[in-house]
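K.L.:
Predicted model and sequence follow; I will ask about them next.
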Amino acid sequence: MFELAQIPVPDLTDETFAPFWQGTRDHKLRIQRCCDCKTHRWPPRITCRSCRSTNVEWVAVEPRGTLYTYTIVGRPTAKGFSTTPYVVGFVALDAVPHVRIIGNVVDVDPSALTIGMALNGRFVTAGPNDEMTLIHWSPAK
Amino acid sequence: MAGMSMKACVTGVGNTEYRKQINRSAEVLAVEAVVAAAADAGIDPQQIDGLIPYPGHIGDDVIQAALSLNPRFRATIDMGGCGAVSALRLASMAVLSGAANHVLLFRGLKGSSGARKADRPSFLPGQPFRRHLEYVYGMNTPAQRYAVLCQRYKHEYGLDRRTLGEIALAARAHANLNPIAQMHGRDLTMDDYLAGRMIADPYTLFDCCLETDGASAVIVSARNDARDIRILSVAEGQGASPDDTSNREPFLDIGLTQAANRVWNDLGMGPEDMDAAMIYDCFTFEVLHQLEEAGFAGHGEGAALIADGGIRLGGKLPVNTHGGMLSEAHQAGLNHVVEAVRQLRGECGARQVENARLIAVTGWGQLGDGSFAVLGGRNV
Ligand SMILES: [Zn+2]
């Protein structure tokens, strides 16, 4: 349903995001964790909002979660997304519920979406040369 | 006591026509609105000695040159739709400190005939988040970003589509009493609303604000003449994680919550004292959301205020009597200030709020910035 090859690729070497994109390429969902107070954080930031430490590590978490909120896009607005409707969801991770990951929710009739439904992430290559790996979320079986 | 201390005043307001397409440049439109606002204030445009432009949208040097302005105070506020009300605050500080006598706020927009929303440069903060986390999943418009807020609210508190519909219909009913409104003369029924095509669920066509060609201007002065409208109190606030909404906690927290509390505390007044409210209505739910965050209704109780004509003229709290951005014009919130001033002067004819003395105005933009003002008429 998406034209994955046409989705614009951000700068995958951007220092704030490179560890994340390297993770998805390896089929891992990696988020930031403070080395000092161990608080997970997302989206990636230069400091820990709990203790102000700048010491950060990237840790892999299971790509499982629940749908926190979503929208069903009814009108094409973005390159690579000319077929509507499609769903953009915010997924609260089971492992770290205060972390929400944005992604497309697939394999479900949009009218059957419910907030709180369990979702599993899977890794999908995209971009003109398959240079980035995105995460798509489908209902947990 | 609010009335006792020195207050800055809005002394002039002006606007062009508001239409879907006007074949004049944004700068030409802005000049027309500025000249109208100066005439309304009873000053020559050259007496304007302070400028607060709307960044990124118009060449404000062009306006300055076109009108031979010679400002001694000039500042931009990079807060999107929050900026109109925030600018009232900065302008007040400028004129009360002596930095300027007459500060001009203006908007000149080619919202409708310019580039499509998704193709325009984004002025949102956190651009890396937008590029790395949102665009790659086809999320790139305001409607989509705001839809997820509404969807979550719906889950937490419940929300009938007809409540959103009533917000759109109330705006349209007001616009139909306002000859300058872009949608004047175009009725909107609940059936029309419910049949609107899907933009970003739960938002359909009539949940989304207009795109407008047109301009507006407001002059804030260190002057307190009979016709001047006092800025009784104005404040700002920022949502938690102001560059990102996805991981904000609480998710529905916006800067307005703090801004409104600051104003209520400053004035020793509350929502019940207001005769009307001009709410930044980029989308229908944002009216309900802000009514709750500013204290006009408790959390989850906005729908009860909106029901039974509560936000229409003659209701408990008339909201956006000009038609707002949903039905008058998109002026990034400046037209809300213009309307509050005209209401407090009693100039609104068929849509006049009877004996309007105190009006609240909100601003909302840039993913979390909120601003709140209470303006007072002469009889306060
Ligand atoms: Zn920490």
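P.N.:
Thanks, I have the structure now.
K.L.:
okay, now residue 40: neighbour count?
P.N.:
Just so you know, I chose chain A. Applying other C-beta atoms under 10 Å in any protein chain shown, we find 16 residues neighbouring A:His40. Where C-beta positions appear, they are placed from N, C-alpha and C, glycine not excepted.
K.L.:
oops, I was thinking of chain B
P.N.:
The number of residues near B:Asp40, taken as other C-beta under 10 Å, comes to 21.
K.L.:
Ok, the one 4 residues further on next?
P.N.:
Residues lying near B:Asp44 (other C-beta under 10 Å) number 12.
K.L.:
So which residue is dead centre in chain B?
P.N.:
B:Gly333 (2.4 Å; C-alpha atoms, centre = their mean).
K.L.:
pLDDT at that residue, what is it?
P.N.:
At B:Gly333, the pLDDT value in this model is 96.
K.L.:
Now for it: which residues touch it?
P.N.:
B:Gly333 sits next to B:Gly81, B:Cys82, B:Gly83, B:Ala84, B:Val85, B:Tyr280, B:Met325, B:Gly363, B:Trp364, B:Gly365 when contact means C-beta atoms under 8 Å, 6 or more residues apart in numbering or on different chains.
K.L.:
7 Å - rerun?
P.N.:
Shown in contact with B:Gly333 (C-beta atoms under 7 Å, 6 or more residues apart in numbering or on different chains): B:Gly81, B:Ala84, B:Val85, B:Tyr280, B:Gly363.
K.L.:
Quick check: bridge partners of the closest residue to the first one other than its chain neighbours?
P.N.:
In this case it means B:Gly81. Leaving out its chain neighbours, the residue that sits closest to B:Gly81 by C-beta to C-beta, 6 or more residues apart in numbering or on different chains is B:Gly365, at 3.3 Å. Beta-bridge pairing of B:Gly365 under DSSP bridges involves B:Asp369.
K.L.:
isn't B:Gly365 right up against B:Cys82?
P.N.:
Yes - the criterion here is C-beta atoms under 7 Å, and B:Gly365 meets it with B:Cys82 at 4.0 Å.
K.L.:
Who has more neighbours out of these two?
P.N.:
The residue with more neighbours, out of B:Gly365 and B:Cys82, is B:Cys82; 30 against 26, by other C-beta under 10 Å.
K.L.:
quick one, strands of chain A?
P.N.:
Per DSSP state E, chain A carries strands over the ranges A:29-34, A:40-41, A:56-61, A:64-73, A:86-93, A:100-105, A:118-126, A:132-139.
K.L.:
residues from chain A in reach of chain B?
P.N.:
A:7-8, A:10, A:14, A:16-17, A:42-43, A:68-75, A:77-78, A:80-81, A:86, A:88, A:90, A:98-100, A:102-104, A:115, A:134 (C-beta under 7 Å from any C-beta of the partner chain).
K.L.:
again, 6 Å this time
P.N.:
A:7, A:10, A:17, A:42-43, A:69, A:71-75, A:77-78, A:81, A:88, A:90, A:100, A:102-104, A:115, A:134 (C-beta under 6 Å from any C-beta of the partner chain).
K.L.:
And the buried ones among those residues, selectable in ChimeraX?
P.N.:
Only the buried entries of the residues of chain A next to chain B go into this ChimeraX selection, using 16 or more other C-beta atoms under 10 Å in any protein chain shown:
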select /A:7,10,17,42,43,69,71,72,73,74,77,78,81,88,90,100,102,103,104,115,134
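K.L.:
can you map out the strands along chain B?
P.N.:
Going by DSSP E, chain B shows strands at B:9-15, B:50-52, B:73-74, B:102-110, B:198-201, B:203-204, B:213-221, B:229-238, B:276-278, B:358-365, B:369-376.
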